[in-house]
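> predicted model follows, preceded by the sequence.
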Amino acid sequence: MTAAATVLRRTAQLYSDGTLTWGTEWFVSISHTCRCVLGGIAYAVDPDNADGNPFLIGGAKRPLAVAAVEGLATYIAEELYRGWHRDENGQPDLVETVGGWNDDQRTTVADVITALLDAAASLDRTAVPA
C-alpha cells in the first residue's frame, strides 16, 4: 500500500463518516468542514492546515499531498476518461483536472468517494516495489 493511496483512502473515509462534507469550487468553506476533494486531501494529510490547499502544505507533508493529488488526477484523466486539463504551456494541470471534475454538477459525493478509493487501488497496483 502506497502512502499516497493511504491518503486517498483516508480522504474517502472522512467524507464517508461525516468528518468532512463535500463541496465544490472552494478548498474550505467558512465552516472548515465543507471541502472540495482537493481540500479533503489537504485535510487528510494535515488537519491543521486551515488553507486546505494541498499545494500550500509546508514541510515534509507537501510531497505526500501532491502525490495523492497526482494519483487522483491520473485516475480521473485516464481511467474515468475525462482527459487532462492543460495549462498555457500544454502541461497537465492537476488542479483543473481534479477541480473541473469535482465541480461538475453531475459529480456526487458518492462519485468522489468511489473515485478516491479506485484511484488508491490504482496507485497500489502500479506501485514499483522497493
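Sure, I can see it. None of these values were measured; they are calculated from a predicted model. Numbers count the residues shown, from 1 in each chain.
> residue 96 and residue 2, how far apart?
Distance of residue 96 to residue 2, computed by CB to CB, to the nearest Å: 24 Å. Where you see a C-beta, it was placed from the backbone N, CA and C, and this is true even at glycine.
> burial of residue 104, as a residue count?
12 (other CB atoms under 10 Å).
> please enumerate the helices of the protein.
For the chain, the helices defined by DSSP state H occupy 3-16, 37-45, 62-74, 94-103, 109-126.
> settle it for me: which of residue 96 and residue 2 has more neighbours?
Comparing residue 96 with residue 2 by other CB under 10 Å, the one with more neighbours is residue 2, at 18 against 15.
> I'd like to know which helix or strand in this structure has the lowest mean pLDDT.
strand 34-35 (a mean of 67; mean pLDDT, DSSP states H and E).
> so what pLDDT did residue 30 get?
Note on residue 30: pLDDT of 49.
> next: the one 10 residues further on.
Among the per-residue scores, residue 40 holds a pLDDT of 90.
> try the one 10 residues further on
With respect to pLDDT, residue 50 has a value of 69.
> coming back round to it: got TSV for the helices of the chain, with distance to residue 51 too?
Shown next, in TSV, are the helices of the chain (distance: least, CB to CB, whole Å):
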stretch	distance to residue 51
helix 3-16	16
helix 37-45	7
helix 62-74	11
helix 94-103	14
helix 109-126	20
